[in-house]
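Enquirer: Could you work out the structure for the sequence below:
(chains A, B, C and D)
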There are 2 protein chains.
Amino acid sequence: MKKKRSIYDVANELQVSVTTLSFVLNGKGQEKRISKEVIQKIENYIKETGYQPNHLGRSLSTGKSKTIGMIVGDINNPFFSEVASGIEKIALKAGYTLIVASSNNELNQMKSVIKLLNDRNVDGFIISPIAGIEETLADLKKEGKPMIIFNCFFPDLNTFNIVVDNKKGAFEATRHLYENGFRNIGFITLNLYSQKERIEGYTNFIESQQLNTNILKLPYELNYEQIINKITSFITSNDELDSVFFSTNFLTLGGLKAISRLGGKYAKMGIVSFDDHLLYDVLNPGITAIKQPVKQISATIINHLLSMLDKDADKKVEPQTIMFPVELIVRASSSKR
Amino acid sequence: MKKKRSIYDVANELQVSVTTLSFVLNGKGQEKRISKEVIQKIENYIKETGYQPNHLGRSLSTGKSKTIGMIVGDINNPFFSEVASGIEKIALKAGYTLIVASSNNELNQMKSVIKLLNDRNVDGFIISPIAGIEETLADLKKEGKPMIIFNCFFPDLNTFNIVVDNKKGAFEATRHLYENGFRNIGFITLNLYSQKERIEGYTNFIESQQLNTNILKLPYELNYEQIINKITSFITSNDELDSVFFSTNFLTLGGLKAISRLGGKYAKMGIVSFDDHLLYDVLNPGITAIKQPVKQISATIINHLLSMLDKDADKKVEPQTIMFPVELIVRASSSKR
DNA sequence: TTGAAAGCGCTAACAA
DNA sequence: TTGTTAGCGCTTTCAA
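Expert: Numbering: from 1, shown residues only, chains lettered A, B, ... in the order given. All right, here's what the predicted structure looks like:
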């Protein structure tokens, strides 16, 4: 691997000082009143010979790595991967590189990737938190690291949060089933902090109708087959159930599988899913789903983080919680058939 | 943001020299014959006070960033996200951070992210290439950058490649339809280099039976609705078609949607999809699919890259092509109904 | 308008 | 066995 040219080499070749070269390289030529000709000469030469400054040297010197660390539950979850790719696009344009890491919804894993990314000098964080991580986040905040919390958040933590209205979404979804004539609505969810609001939304509606809640809260760690089994026994052992509201996409998949295996009368159960999916439209019946405004979420996250990162912005970005509405996409699965 | 302690600060606090400290920090205590007591003292102190060396300084000094750059077509594609997350897990354990970037199958985008990651001093690359990128890869190779090519590769390029047997997979899938009685088998694919072998596999089988090929090659840039429309008109304008083989997951989704919209006799078409999907099992009929051994692929990629990166390995890793078999998961969609 | 030089935090050759 | 110190490549203050 041949050694790369350093700024000194190039300065030498060009017969200018490193200072001058550095200024021009960073677009500060004007500001520093370097002569037009020199600027031109340098820029042309750079373009021709293709010199690229070493990022590490720059980062070490400036203390900025131009890198953003993002921590999600699981990059295989389409919600996260879509948010991540939306963020990546905008970040790239702004000169930032995005590093995405998965916590697998495991506290120690999350702590260690936060530490890892912090040690790697990421300039800012984008985090989908899990229960138990409050302190780590508080520390990060105390350190002064810019960060955005998304998907769910800790009200006590005074961070900048970007979420959707999970509670209302779940409430409306449940109401929708109710209005379509379902009276025994089960709710299948995960034991994750991020599900808290959805559980509340469901519970609120059910209780507002003096009905009984019926919640299955599954451990996150289960694999697909285990989920199918758990759901199957939940459904069969609650024989009065006429409909189910699934709290995440992955659960819906498991649930659909369970129901399709059961067949018979179960095939007529009402179904709503939190999070939409391309295939829901193709299924028969189509699956009614709550859709999150992914594009908006990702754009909002990265734009706010970028302005936190932008030191020129003299006005500090105040902590706040931005909440997007969700949309109920009605398909056949939520009506009596 | 309070300034972090440097190795000098810590050395001072500990009353040892930076060298000693640095050696111990890098686990070279034994090797450098630092006294047991000093090593212990340092390690304890570090643990208590939580000092973490600055990666940038280290990288600048060693010339190694302990970072791997991965370039995929689109991180939202489940195949890529699964491979990426498998790689990430192993890389993390080996002390490497993975940066995943999407090329969106766009040549300039791919060139620019390769350049970006290279400027960021990634130690190695993992790349799913597209047509036109040969030269860039050749340059990278000339530079001596360790890299692994996956998904598809350029036979002329003498790189380390990890792929599945696309040709055979496509051949067998087509044969499977044929053996189930279908005679007018269409093939719907994308205008991507990665599809080349699949097209060949399909074509080879069809021609081996003296049948006519019927291929729809769609531009990658199309969105979901456009794909549905193109597929719809392909199907309706080729009225003799009795079955379709979809070359990627995303096309299958579009195709299923198109077929479900068309309804009627089209609902009985034979269908096979390249790449499996959780939901294929839930659909009615279940979708027959070719499954790639994702876990094996990701493990193989990262393990080989790691050994290329490991300078202790005196034996160089020779360029070669590792080809995994694929598996045909037979479901109802590929039989006459 | 340009140049010299001191750092940024770490590694490692060399000296002691 | 430990300490001194010269880089790694870049930015930026200060001086000219």
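Enquirer: Can you give me the distance of the residue of the stretch 151-300 of chain A found nearest DNA strand D to residue A:211?
Expert: Scanning the stretch 151-300 of chain A for the residue nearest DNA strand D gives residue A:160, at 26.0 Å (criterion: CB to the nearest atom of the strand). Using the backbone N, CA and C atoms, a C-beta is placed for each residue, glycine as well. Noted for residue A:160: a distance of 37 Å to residue A:211, by CB to CB, to the nearest Å.
Enquirer: These two: which is more packed in?
Expert: Counted by other CB atoms under 10 Å in any protein chain shown, residue A:160 and residue A:211 do not tie: residue A:160 has more neighbours, with 21 against 14.
Enquirer: Number of residues surrounding residue A:171?
Expert: Residue A:171 has 21 neighbours, counted by other CB under 10 Å.
Enquirer: what do you get for residue A:147?
Expert: Neighbour tally, residue A:147, other CB under 10 Å: 22.
Enquirer: Same question for residue A:191.
Expert: 12.
Enquirer: In contact with it, which residues?
Expert: Applying CB atoms under 8 Å, 6 or more residues apart in numbering or on different chains to residue A:191 gives the contacts A:217, A:218, A:219, A:220.
Enquirer: can you pick the most crowded of those?
Expert: That'd be residue A:218 among these, by other CB under 10 Å, with 21 neighbours.
Enquirer: Look at residue A:313 and report its pLDDT.
Expert: As predicted, residue A:313 sits at a pLDDT of 55.
Enquirer: If you could redo that for residue A:2, that was the one I meant.
Expert: Value for residue A:2, per-residue pLDDT: 50.
Enquirer: do you know how far residue A:81 is from residue A:317?
Expert: 26 Å.
Enquirer: Do I have it right that residue A:305 meets residue A:70?
Expert: No: Residue A:305 is not in contact with residue A:70 according to CB atoms under 8 Å; the separation is 9.6 Å.
Enquirer: Name the residues contacting each of those two.
Expert: With CB under 8 Å, 6+ apart, residue A:305 and residue A:70 have common neighbours residue A:126.
Enquirer: Would it be right to say that residue A:52 lies in a helix?
Expert: No: using DSSP: H, G, I helix; E, B strand; the rest coil, the secondary structure at residue A:52 is coil, not a helix.
Enquirer: which residue sits closest to it, ignoring its sequence neighbours?
Expert: Spatially, and ignoring its direct neighbours in sequence, residue A:52 is nearest to residue B:119 (5.0 Å; CB to CB, 6 or more residues apart in numbering or on different chains).
Enquirer: More neighbours: which of residue A:81 and residue A:317?
Expert: residue A:81 (25 against 16).
Enquirer: got the contact list for that one?
Expert: A:75, B:75, B:76, B:81.
Enquirer: Please apply the same query to residue A:123.
Expert: Neighbouring residues of residue A:123 by CB under 8 Å, 6+ apart: A:64, A:65, A:66, A:67, A:68, A:96, A:146, A:309.
Enquirer: and residue A:261, backbone torsions?
Expert: Phi and psi for residue A:261, reported as degrees, to the nearest 10, are phi -70, psi -40.
Enquirer: ok, which stretches of chain A are strands?
Expert: In chain A, the segments counted as strands under DSSP state E are A:67-72, A:97-102, A:124-127, A:147-150, A:160-164, A:185-190, A:215-218, A:243-246, A:270-274, A:288-291, A:321-324, A:327-329.
Enquirer: Output these in TSV, with mean pLDDT appended to each entry.
Expert: TSV is the format used below for those (pLDDT from 0 to 100):
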stretch	mean pLDDT
strand A:67-72	97
strand A:97-102	97
strand A:124-127	98
strand A:147-150	97
strand A:160-164	98
strand A:185-190	97
strand A:215-218	97
strand A:243-246	98
strand A:270-274	97
strand A:288-291	98
strand A:321-324	98
strand A:327-329	98
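Enquirer: Now do the helices in the stretch 51-200 of chain A.
Expert: For the stretch 51-200 of chain A, the helices defined by DSSP state H, counting those that start in this stretch occupy A:55-62, A:78-93, A:107-119, A:134-143, A:166-179, A:196-208.
Enquirer: So residue A:9 versus residue A:51, what's the distance?
Expert: In terms of CB to CB, residue A:9 sits 8 Å off from residue A:51.
Enquirer: Just tell me which of the helices of the stretch 51-200 of chain A ends up closest to residue B:224.
Expert: helix A:78-93 (13.3 Å; CB to CB).
Enquirer: what distance separates that closest one from the centre of its chain?
Expert: 8 Å (CA atoms, centre = their mean, to the nearest Å).
Enquirer: where in the stretch 201-337 of chain A is pLDDT low?
Expert: A:311-315 (pLDDT under 70).
Enquirer: quick one, domains of chain A?
Expert: A:7-53, A:65-164+A:294-324, A:166-292 (the TED database).
Enquirer: Between these, which one is closest to residue B:205.
Expert: Per CB to CB, nearest to residue B:205 of those: domain A:166-292, 27.3 Å.
Enquirer: how far does the closest one sit from the chain's center?
Expert: 22 Å.
Enquirer: gap between the two ends of that domain?
Expert: 9 Å (CA to CA, to the nearest Å).
Enquirer: Kindly report the same for stretch A:239-247.
Expert: Across its full length, stretch A:239-247 reaches 20 Å between end residues, using CA to CA.
Enquirer: Which residues of the stretch 1-150 of chain A lie near chain B?
Expert: Contacts of the stretch 1-150 of chain A with chain B, taken as CB under 8 Å from any CB of the partner chain, map to A:1-2, A:52-57, A:59-60, A:65, A:74-76, A:78, A:81-82, A:84-85, A:88, A:92, A:97-102, A:113, A:115-117, A:119-121, A:143-145.
Enquirer: Quick one, which of those residues are buried?
Expert: A:53-56, A:59-60, A:65, A:74-76, A:78, A:81-82, A:84-85, A:88, A:92, A:97-102, A:113, A:116-117, A:120-121, A:145 (16 or more other CB atoms under 10 Å in any protein chain shown).
Enquirer: Residue of the stretch 101-250 of chain A nearest DNA strand D, please.
Expert: residue A:121 (12.9 Å).
Enquirer: Wait, that residue touches residue B:56, no?
Expert: Yes: contact criterion CB under 8 Å: residue A:121 and residue B:56 qualify, at 5.7 Å.
Enquirer: anything in contact with each of those two?
Expert: Both residue A:121 and residue B:56 are in contact with A:59, A:65, where contact means CB under 8 Å, 6+ apart.
Enquirer: about what we covered before: DNA strand C: which of the strands of chain A is closest?
Expert: Per CB to the nearest atom of the strand, nearest to DNA strand C of those: strand A:67-72, 15.9 Å.
Enquirer: buried stuff in that closest one?
Expert: By 16+ other CB under 10 Å, the buried positions in strand A:67-72 come out as A:67, A:68, A:69, A:70, A:71, A:72.
Enquirer: Just send those residues back as JSON lines, with distance to residue B:244 too.
Expert: Listed next are the buried residues of strand A:67-72 as JSON lines, based on distance: CB to CB, whole Å:
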{"residue": "A:67", "distance to residue B:244": "44"}
{"residue": "A:68", "distance to residue B:244": "42"}
{"residue": "A:69", "distance to residue B:244": "43"}
{"residue": "A:70", "distance to residue B:244": "38"}
{"residue": "A:71", "distance to residue B:244": "41"}
{"residue": "A:72", "distance to residue B:244": "35"}
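Enquirer: That'll do, ta.
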